[in-house]
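1. quick one, what's the 3D model for this:
(one chain, ligands or ions: 1)
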Amino acid sequence: MGMPLHVIAPGSRASDVPASASEALAGVEPRFEGLYVHVPFCFHKCHYCDFYSFVDTEDRQQAFVERLERELAALAAWVRAPLGTVFVGGGTPTLLAPPLLERALRAMRERMPLAAGAEWTVEANPETVDDAVAGALAAAGVNRVSLGAQSFDPRHLKTLERWHDPDSVARAIRRLRAAGVARISIDLIFGIPGQTLAEWASDLDRALALGTDHLSCYGLTYEPNTAMAVRLSRGEFEPCDEGVEATMLEEAVARLARAGFDRYEVSNWARVRDGDRTAERCRHNVLYWRNRDWLAAGPSASGHAQGVRWKNVPRLGDWLASEGTSPAVDVERADPDTRACERLMMGLRLVDGVPEAEVSEILALGARGSARAAAIARAESAGMLERVGGRLRFTPRGMMTANATLAELA
Ligand code: SF4
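-> Numbers count the residues shown, from 1 in each chain. This next block holds a predicted model:
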């Protein structure tokens, strides 16, 4: 669940030779602003999921938490200023038995310096949120929960092989609010095989009726090696028509705007609070889109510092057996062209876009600067990009096909 973290621009150099996260950062002066913690356990593997997660038999949860405590202690040495965000994703973090969940959250709070008012998000599968879990989250100081609802239609949940009762989302929200968790986000998926526009509109309405503060709406993708991709290749179902999927996105844009939500990123909407468009944005994910520095803990978690990306070893056994910071794989030290490309492509995903001065700087940096400048000019003439208030950004129409335009800038 959650947003994809491994956004690697074409041209990046990857290495499969394992190194430690410490080696990856040799010679770099990181300015970490956030922490991502990956909990890899799930109750069941959903058919569309390509995140590093597996069915938990509970026998390694304790070892996981003990190793996490040691990893956080090692990572704390790299932190120079209090962190503004923590995001605990997975997997299903709330599948940890409550005493272990409490212990893991305590380790994050005690071993990491957190800024006053830091945003602390935990992803949750609605079925896992009972009173004990909601209480543990609130007591630890978690102030935001992201619920993987995906759909409220049992047929479509079955297609995705999501094992939760649609009514469990409302129950989870009631428990979280009663415990004192202030901010709730809901993830939805559209373009599910067999889903109609009316059914998608109903999913949006049900999410809004629950009083959510933030919505992430993702078109279903068929990632290689997932069960959904295999079923598609076997012809077990017809994928959603592209035109219908585009109309579903338009429906989300219109319906959520009417409900007082601001689309601040290609797939993300935040409720506008007392005229403040930024209050409910996921500050942690904004770090990713602004290409800032964040720490990674847990197997397969990805981190970034000053153009260096790495991924913690994506095998639980190897991660458990390691000490200090995690062994790392896919270490990339971006060259200037790649960094320029990443800043542009990630920044444009945000509705506010990228300051024009930064765009000029980025185009001057990269070897492909003139090709990118030409692609930007083409997108501007086609009405997809615009310059407003000293920033380059997508137009509302351009946002609808943002991924295609971004591919041209790569
Ligand atoms: S609950 Fe989330 S992480 Fe786990 S299998 Fe399903 S989509 Fe993947």
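2. quick one: average confidence on stretch 303-320?
-> For stretch 303-320, mean pLDDT is 95.
3. buried set for it?
-> Across stretch 303-320, burial judged by 16 or more other CB atoms under 10 Å covers 303-314, 316, 319. In short, each C-beta sits where N, CA and C put it, glycine included.
4. out of the residues you listed, which is nearest to Pro327?
-> Closest approach to Pro327 among these (CB to CB): Val313, at 4.3 Å.
5. follow-up on the earlier one: and which of the buried residues of stretch 303-320 is nearest to Trp269?
-> Relative to Trp269, the closest of these is His304; by CB to CB it sits at 24.7 Å.
6. C-alpha coordinates for the helix or strand harbouring that closest one, CSV please?
-> Here His304 is covered by strand 302-305, with elements defined by DSSP states H and E. Only the C-alpha atoms of strand 302-305 are listed here, as CSV (Å, rounded to 0.1, in the frame of the first residue of the first chain):
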residue,chain,number,x,y,z
SER,A,302,14.4,3.5,0.1
GLY,A,303,16.3,6.6,1.2
HIS,A,304,17.7,9.7,-0.5
ALA,A,305,20.3,12.2,0.4
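7. roughly how far is that strand from the heart of the chain?
-> Computed by CA atoms, centre = their mean, to the nearest Å, the chain-centroid distance of strand 302-305 equals 14 Å.
8. now do the helices in the stretch 1-150 of the chain.
-> When assigned using DSSP state H, counting those that start in this stretch, the helices of the stretch 1-150 of the chain occupy the ranges 21-24, 61-76, 98-111, 131-140.
9. right, and the ones you listed - which one's nearest Leu157?
-> Among those, the nearest to Leu157 by CB to CB is helix 131-140 (20.7 Å).
10. backbone dihedrals for Glu199, please?
-> Dihedral pair for Glu199: phi -70, psi -40, per degrees, to the nearest 10.
11. if you could redo that for Arg333, that was the one I meant.
-> Dihedral pair for Arg333: phi -110, psi 100, per degrees, to the nearest 10.
12. same thing with the one 4 residues further on?
-> For Asp337, the backbone dihedrals are phi -70, psi -40 (criterion: degrees, to the nearest 10).
13. and if you look at Gly235?
-> When read as degrees, to the nearest 10, the backbone of Gly235 gives phi 70, psi 30.
14. need the pLDDT of it.
-> Here, the pLDDT recorded for Gly235 equals 95.
15. and it, how far from Thr226?
-> Computed as CB to CB, to the nearest Å, the Gly235 to Thr226 distance reads 16 Å.
16. for the two, indicate the residue with more neighbours.
-> Taking neighbours as other CB atoms under 10 Å, Gly235 and Thr226 compare with Thr226 leading, 18 against 7.
17. looks like that one contacts Cys49 (just checking).
-> Yes - using CB atoms under 8 Å, Thr226 is in contact with Cys49, at 6.4 Å.
18. for Arg60, grab the count of nearby residues.
-> 15.
19. for Ala81, grab phi and psi.
-> Main-chain torsions, Ala81, degrees, to the nearest 10: phi -140, psi 150.
20. my error: substitute Leu350 in the last question.
-> The phi/psi pair for Leu350 (degrees, to the nearest 10) is phi -80, psi 140.
21. one more: Arg234?
-> The phi/psi pair for Arg234 (degrees, to the nearest 10) reads phi -80, psi 0.
22. distance of it from the ligand?
-> Using CB to the nearest ligand atom, to the nearest Å, one gets 21 Å for the distance from Arg234 to the ligand.
23. repeat for Arg372
-> 34 Å.
24. once you drop chain neighbours, what's closest to that residue?
-> Leu409 (5.4 Å; CB to CB, 6 or more residues apart in numbering).
25. OK, contacts around whatever residue of the stretch 201-350 of the chain ends up closest to the ligand?
-> Per CB to the nearest ligand atom, the residue of the stretch 201-350 of the chain with the smallest distance to the ligand is Thr226, at 9.3 Å. Shown in contact with Thr226 (CB atoms under 8 Å, 6 or more residues apart in numbering): 47-50.
26. neighbour-wise, give me the winner out of those residues.
-> Highest neighbour count within the contacts of Thr226, by other CB under 10 Å: Tyr48, with 22 neighbours.
27. which SSE is the spatially closest residue to that one that is not a sequence neighbour in?
-> Spatially, and ignoring its direct neighbours in sequence, Tyr48 is nearest to Met228 (4.4 Å; CB to CB, 6+ apart). Element membership of Met228, judged by DSSP H and E, is helix 227-233.
28. fine by me, we can end here.
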